[in-house]
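Visitor: With the sequence up front, the predicted model follows.
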There are 2 protein chains.
Amino acid sequence: MATEIDKNFLEKIEMLVDSKDDKTLLSLLSDEHPADIAEIIDELGLDDATYIFKLLSSEISAEALILIDEDDREKILQNLSAQEIAEEIDELDTDDAADILSELPQERVTKVISEIEDDEHAKDIVDLLRYEEGTAGSLMAKELVKVKENWMVPTCVRKMRTQAQEVSRVHSIYVVDKDDVLIGRLSLKDLLVASAKSKISDIYIPKVDSVNVKDDVEDVARVMQKYDLEAIPVVDDNHVLLGRITIDDIVDLIVEEAEKDYQMAAGITEDIDADDSIFDKTKARLPWLILGLVGGMAAASIMGGFDEALQLFPELFYFTPLIAAMAGNVGVQSSAIIVQGLAGDNLKGSKLNRLLKEIGLSMVNGIILAGLIFLFGTFLDYQLNVLFTISISLVIVIIFASLIGTFVPLILDKNGIDPAVATGPFITTSNDIFGIFIFFFIAKLILGF
Amino acid sequence: MATEIDKNFLEKIEMLVDSKDDKTLLSLLSDEHPADIAEIIDELGLDDATYIFKLLSSEISAEALILIDEDDREKILQNLSAQEIAEEIDELDTDDAADILSELPQERVTKVISEIEDDEHAKDIVDLLRYEEGTAGSLMAKELVKVKENWMVPTCVRKMRTQAQEVSRVHSIYVVDKDDVLIGRLSLKDLLVASAKSKISDIYIPKVDSVNVKDDVEDVARVMQKYDLEAIPVVDDNHVLLGRITIDDIVDLIVEEAEKDYQMAAGITEDIDADDSIFDKTKARLPWLILGLVGGMAAASIMGGFDEALQLFPELFYFTPLIAAMAGNVGVQSSAIIVQGLAGDNLKGSKLNRLLKEIGLSMVNGIILAGLIFLFGTFLDYQLNVLFTISISLVIVIIFASLIGTFVPLILDKNGIDPAVATGPFITTSNDIFGIFIFFFIAKLILGF
């Protein structure tokens, strides 16, 4: 489908930039989709990227601009004048324009806005910039097709033609009353099959989903996914129509959130790629490793406190990695299920019920695993009392680990902290420490060293 | 927005079912979106669910049917006759109809299909059933709006009206030549602003993205996300238009894949919810725990082999959980980055380059962490030669762990195995074993016990 952006293609582009062969460059790039142009720009050095960017018509470069990596975009925008940025902004939908402006320093924003030609467009963008990140307002675009309930179909079609030229994609047509209050929608399909003599109030669908401008974007994503919506209108507290959110932004949001949760579970804090620099990767990975290190030191101290057992029951020490690993694995499993349940908003039932179920589950798992240890251990000629100690401790450690895995994300969520942080190194490390302590404590009780 | 489906509401529904108060039930449910009806049905017992399902008009129940949990759907469908299922199928788009039929036993499928009233619809569904799961064909619907290039706009609009009645959502209008070969598209916006005197060949856009019917669905998702498409036409090898895939199916696919990868990284094999039964959860979790158990037993054996060190250097044994945890954490971090890079199809550069970068990164991390251990350890009065051993081993273990984390998913992917399986317990367990072995091996070399 798309041109493969390989090394040869990039070298060709670099050569053409060096020789300033604008004509060949333009003919080579004019057939590319802005998403592919963005990929090419991401791969080039800053000077070459800026050259290409300025060479392209702002119609294409603007669309590419919103798809370039944030770091590259920042650098390219630094190389552009306020007027050049305004030309790009002129081509963009209000939501994308506001996203780009929100990345610039405040004084540049003011300059760029004063250079935007279309006053209406500028006003809409300024309006969007007020909404807090993470709210429906920050994701919506002002471009939409809306019709008044008292229009006749021919008036409606005429007015819609003008509006449609402003809107890159028509989804639903929203119906408002005289005060701009959203009262329903008109589907394009209905319009295609409607007679010219109808009035909008006769043919519109009075039922329309909407979200409040202050709603959380993750709730918006959930609603749009659940009801299979391609666009959803955004209203204020008085139900006045303000804008709309389209599914493409939601798809990006879902993918971003999923990647963030996945990386967080793996102990990576910042959004990094396989090809980022060693410095960026270290910054994202090292804090979690230091956490693990501190946990390991704590575990070492705990074990040092039980050194009386070293002579009599060295096997206890051989089994600490097993106990730690099981505590970690069980904790991660439990927390992952809770984190996903919270993300999907489908945790039902009471806390007590969850507690009992989790204890039941971990007892079943723990007893099976303890049985296996006993079996293997007998086969390997371990002392019976040591095996018994390890098996009993394992069951108790697993129960504790699963309770910590279940309730830590619930508690974090209740306190407004992203529960995803709980899956991964955080749970693994704390469960290692708890697990090893419980193990030696029980061993001391049973074996009496 | 939506009615909160709480306990009270469900109890009310159950009471109404008990008293067979169909009128109140219908008036209560008629305003609900099929997605909410599906949620209600998921929460009810089988008898109540079937009762509600049969009570609703097939227009609503059919839409709810595709959203019900697979397990519940299977049971409800067992309670319906072939003719009743055919009535539901009649209401559904071909892609959803095919999805539901593909879950039924073969002989039931044949019966249901023979009961479908609309022969054309039945033929389309049978056609869709041939495509292998995971291909674009398995995800596409036959419903679409297509026009011939030689039509005039008025003819086109007339013909489209008929087609649009069959299609629940019009996205793009596809333009084909006389042999049904896809040659372009007509956007709805263009149609709204087009003059009645134009011919389709004058106004259509000759550039149209498409996917082959045999393409992998994940590639389709990537293309649709990258190019912000809401629908994409599906063609065969001769570029004949066969169907289209819409973004709502892609959103579901992306969410499902993300959940699966997340669960796999946490050591959970099957798609389970927080509210599934203990048996289902054990089935999904226990295999990974057994893997961890076997790994732990292996680690215990390795340590048992170095028992000469027990008297002289007990600290080595206290530090094994730390070494194992670091090896596991680093491995998971490295593999997560590769798994995401593979999923996003954005791994660039050569293998050698990746190898060198990964070694560089882990040396930087390893040396910082080793320095910290040395610092803490001196403060805690550990023997210098033991601290030195632990620090050196840690650097080497981290390098190994990151290489395993990097290359295991790459090798799995090359062999057609989902690389996501590598993140989580698999990497943690193997890195625990390798880490502990390397640790004691190096300790023996340095300390000479």
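Guide: Right, received. Where do you want to start?

Visitor: for the residue in the stretch 1-150 of chain A positioned nearest to chain B, what are its contacts?
Guide: Residue nearest to chain B within the stretch 1-150 of chain A (Cβ to the nearest Cβ): residue A:35, separated by 4.9 Å. Any C-beta I mention is one placed from the backbone N, CA and C, and that applies to glycine too. Neighbouring residues of residue A:35 by Cβ atoms under 8 Å, 6 or more residues apart in numbering or on different chains: A:64, A:67, B:226, B:227, B:228.

Visitor: Now the fourth one: phi and psi?
Guide: Note on residue B:227: backbone dihedrals following degrees, to the nearest 10 are phi -100, psi 10.

Visitor: just to revisit the earlier point, element containing the residue of the stretch 1-150 of chain A closest to chain B?
Guide: Element membership of residue A:35, judged by DSSP states H and E, is helix A:34-43.

Visitor: list the contacts for the spatially closest residue to residue A:33 that is not a sequence neighbour?
Guide: Excluding the flanking residues, the one nearest residue A:33 by Cβ to Cβ, 6 or more residues apart in numbering or on different chains is residue B:227, at 5.9 Å. Residues near residue B:227 by Cβ under 8 Å, 6+ apart: A:33, A:35, B:209.

Visitor: Closest one of the residues you listed to residue A:378?
Guide: Taking Cβ to Cβ as the measure, residue A:378 lies nearest residue A:35 of these, at 61.5 Å.

Visitor: With adjacent residues omitted, what lies nearest to that closest one?
Guide: residue B:226 (4.9 Å).

Visitor: ok, now residue A:141?
Guide: residue A:95 (3.7 Å).

Visitor: need the contact list for the residue nearest to residue A:432 when sequence neighbours are not counted.
Guide: Sequence neighbours aside, residue A:324 is the residue nearest to residue A:432 in space, at 4.3 Å (criterion: Cβ to Cβ, 6+ apart). Residues in contact with residue A:324 (Cβ under 8 Å, 6+ apart) are A:299, A:431, A:432, A:435, A:436, B:321, B:324, B:325.

Visitor: The residue nearest to residue A:141: how many residues sit nearby?
Guide: Close neighbours of residue A:95, defined as other Cβ atoms under 10 Å in any protein chain shown, add up to 22.

Visitor: what residues go with each domain of chain A?
Guide: Chain A breaks down by automatic domain parsing into domains covering A:7-133, A:145-252, A:278-447.

Visitor: Compute the first-to-last residue distance for the second one.
Guide: Meaning domain A:145-252. By Cα to Cα, to the nearest Å, the extent of domain A:145-252 from end to end equals 23 Å.

Visitor: average model confidence for it?
Guide: The average pLDDT for domain A:145-252 rounds to 87.

Visitor: still on that earlier bit, using CSV, lay out the domains of chain A together with distance to residue B:217.
Guide: Below are the domains of chain A laid out as CSV (distance: least, Cβ to Cβ, whole Å):
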stretch, distance to residue B:217
domain A:7-133, 19
domain A:145-252, 15
domain A:278-447, 21
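
Visitor: Tell me the helix or strand right after the lowest-mean-pLDDT helix or strand in chain A.
Guide: In chain A, the helix or strand scored least confidently by mean pLDDT, DSSP states H and E is helix A:188-193, which has a mean of 71. Next in sequence after helix A:188-193, counting helices and strands by DSSP H and E, comes helix A:200-203.

Visitor: which other residues reach the following helix or strand past that next one?
Guide: Reading on from helix A:200-203 to the C-terminus, the next helix or strand found by DSSP H and E is strand A:211-212. Residues outside strand A:211-212 that contact it (Cβ under 8 Å, 6+ apart) are A:136, A:219, A:220, A:223, A:232, A:233, A:234, A:235, A:236, A:237, A:245, B:1.

Visitor: what packs against the helix or strand harbouring residue A:280?
Guide: According to DSSP H and E, residue A:280 maps onto helix A:278-304. Judged by 3 or more Cβ pairs under 8 Å, 6 or more residues apart in numbering or on different chains; DSSP states H and E, the packing partners of helix A:278-304 are helix A:320-343, helix A:425-447, helix B:314-318, helix B:320-343, helix B:351-379.

Visitor: CSV for these, including mean pLDDT and distance to residue A:399?
Guide: Converted to CSV, these look like this (pLDDT from 0 to 100; distance: least, Cβ to Cβ, whole Å):
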stretch, mean pLDDT, distance to residue A:399
helix A:320-343, 90, 9
helix A:425-447, 92, 10
helix B:314-318, 93, 25
helix B:320-343, 90, 20
helix B:351-379, 89, 31
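
Visitor: and those helices as TSV, adding distance to residue A:269?
Guide: Shown next, in TSV, are the helices and strands packed on helix A:278-304 (distance: least, Cβ to Cβ, whole Å):
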stretch	distance to residue A:269
helix A:320-343	16
helix A:425-447	10
helix B:314-318	29
helix B:320-343	10
helix B:351-379	14
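
Visitor: which of the residues in the longest helix along chain A are buried?
Guide: The longest helix of chain A (DSSP state H) is helix A:384-414. Within helix A:384-414, the residues that count as buried by 16 or more other Cβ atoms under 10 Å in any protein chain shown are A:386-410, A:412-413.

Visitor: ok and that helix relative to helix B:278-304, angle-wise?
Guide: 120 degrees (axes from the mean of the first three to the mean of the last three Cα atoms, to 10 degrees).

Visitor: What's the mean pLDDT across helix A:384-414?
Guide: Here the average pLDDT along helix A:384-414 is 92.

Visitor: Against which helices or strands is it packed?
Guide: If contacts are counted by 3+ Cβ pairs under 8 Å, 6+ apart, helix A:384-414 sits against helix A:314-318, helix A:320-343, helix A:351-379, helix A:425-447.

Visitor: just to revisit the earlier point, could you give me the buried positions within the helix holding residue A:280?
Guide: Buried residues in helix A:278-304, counted by 16+ other Cβ under 10 Å: A:281-282, A:284-286, A:288-289, A:291-293, A:295-300, A:302-303.

Visitor: for stretch A:440-449, same thing?
Guide: A:440, A:442, A:443, A:444, A:447.

Visitor: now do stretch A:61-71
Guide: A:61, A:62, A:63, A:64, A:65, A:66, A:67, A:68.

Visitor: Of the contacts of residue B:227, which is the nearest to residue A:367?
Guide: residue A:35 (53.6 Å).

Visitor: Nearest residue to the middle of chain A?
Guide: residue A:257 (1.4 Å; Cα atoms, centre = their mean).

Visitor: got a list of what it touches?
Guide: A:218, A:221, A:343.

Visitor: Tabulate those residues (TSV), appending distance to residue B:161 and neighbour count.
Guide: Shown next, in TSV, are the contacts of residue A:257 (distance: Cβ to Cβ, whole Å; neighbours: other Cβ atoms under 10 Å in any protein chain shown):
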residue	distance to residue B:161	neighbour count
A:218	39	15
A:221	34	22
A:343	42	23
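
Visitor: could you pull out the helices for the stretch 51-200 of chain A?
Guide: Here the stretch 51-200 of chain A has its helices, by DSSP state H, counting those that start in this stretch, at A:58-65, A:70-78, A:82-91, A:94-101, A:106-115, A:119-129, A:136-139, A:153-166, A:188-193, A:200-203.

Visitor: Residues contacting the longest one, please?
Guide: Which is helix A:153-166. A:143-147, A:151, A:170, A:173, A:186, A:191, A:194-200, A:203, B:189, B:192-193.

Visitor: out of these, which are buried?
Guide: A:143-147, A:151, A:170, A:173, A:186, A:191, A:194, A:198, A:200, A:203, B:189, B:192.

Visitor: Can you name the two of the residues you listed that sit furthest apart?
Guide: A:143 and A:198 (25.8 Å).

Visitor: Now do the same contact list for the closest residue in space to residue A:252 that isn't next to it in sequence.
Guide: In space, and not counting its chain neighbours, residue A:252 is closest to residue B:225: 7.4 Å by Cβ to Cβ, 6+ apart. The contact partners of residue B:225, by Cβ under 8 Å, 6+ apart, come to A:251, A:252, A:255, B:250, B:254.

Visitor: so the third one sits right up against residue B:251, yeah?
Guide: Spelled out, it's residue A:255. No: between residue A:255 and residue B:251 there is no contact under Cβ atoms under 8 Å: 10.0 Å.
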